[in-house]
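J.: Build me a model from this:
(one chain, ligands or ions: 2)
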Amino acid sequence: MLEQRIQKQFFDSADLKYQAAEVLARPIADAVHALVGCLTAGGKVLACGNGGSAADAQHFAAEFVGRFERERPGLAAIALTTDTSILTAVGNDYDFNSIFSKQVQALGQPGDVLLAISTSGNSPNVLAAVEAARAKDMTVIAMTGRKGGLMNERLTETDVHICVPHERTARIQEVHLLALHCLCDAVDLQLLGEQELP
Ligand SMILES: O=C(CO)[C@@H](O)[C@H](O)[C@H](O)[C@H](O)COP(=O)(O)O
Ligand SMILES: [Zn+2]
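T.: Numbers count the residues shown, from 1 in each chain. Ligands and ions are numbered 1, 2, ... in the order given. Modelled structure (predicted):
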């Protein structure tokens, strides 16, 4: 019984990935172009999200700054979820909704990219970060699910929306991680050219 339940989660996740391949290839490719344009112009990526999406923001930044599958110089990315002194000071002195936007105001430059991750598209602190990025003339790459929520109203034509067509947070997060790895793979391809993988 339990094994069947576990297998169903694998099958549901795999089904969603097939479905998402159809609808997300285009926005993920658009995100690659935005990232490569930003990096080659000397810009950086700021990444944020809550809970599992905070982990995703950090996972992405680690693969940019460290490496993904190929050796290359580090790429400029900062997860806005990691400095507990900043997070507690801003959360305590202002409010929790400002923990990312205050950092975007402080660190963001025109031409930088904000990677805003929210499965619901409704987290106020992520939406506030998008507003702050807008004020800084940054491009936003939003990763959401559940039809995008309030994020839909905050994005402009120059932004990129990678919206996973599913309602469950866990399933959406599983596709977000795959999409992040697609971004790392494609950015390396654009910057380094083709190379055989083992
Ligand atoms: O990882 C999970 C659930 O799978 C949770 O930690 C989840 O990320 C948190 O509940 C977040 O606060 C959800 O926020 P969001 O994705 O709606 O922006
Ligand atoms: Zn989770």
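J.: List the contacts of Glu63.
T.: By C-beta atoms under 8 Å, 6 or more residues apart in numbering, the contact set of Glu63 is 180-181, 184. The C-beta positions use only the backbone N, C-alpha and C, and glycine is treated the same way.
J.: can you do 10 Å?
T.: Counting by C-beta atoms under 10 Å, 6 or more residues apart in numbering, Glu63 makes contact with 69, 75, 77, 180-181, 183-185, 187-188.
J.: you'd agree it is in a strand?
T.: No. Counting by DSSP: H, G, I helix; E, B strand; the rest coil, Glu63 is not found in a strand; it is helix.
J.: quick one: it and Gly74, what's the gap?
T.: With distances taken as C-beta to C-beta, to the nearest Å, Glu63 is found 10 Å from Gly74.
J.: Equivalent analysis for Gln19, please.
T.: 34 Å.
J.: try Ala55
T.: Separation of Ala55 from Gly74 (C-beta to C-beta) stands at 20 Å.
J.: Identify the residues contacting the spatially most central residue of the chain.
T.: Nearest to the centroid of the C-alpha atoms of the chain, with distances taken as C-alpha atoms, centre = their mean, sits Leu115, at 4.2 Å. Under the criterion of C-beta under 10 Å, 6+ apart, the neighbours of Leu115 are 31, 34-35, 45-49, 53, 56-57, 60-61, 64, 77, 79-80, 129, 133, 139-143, 160, 162, 180, 183.
J.: Please repeat the previous calculation with a cut-off of 7 Å.
T.: For Leu115, the residues meeting the contact criterion (C-beta atoms under 7 Å, 6 or more residues apart in numbering) are 45, 47, 57, 60, 141.
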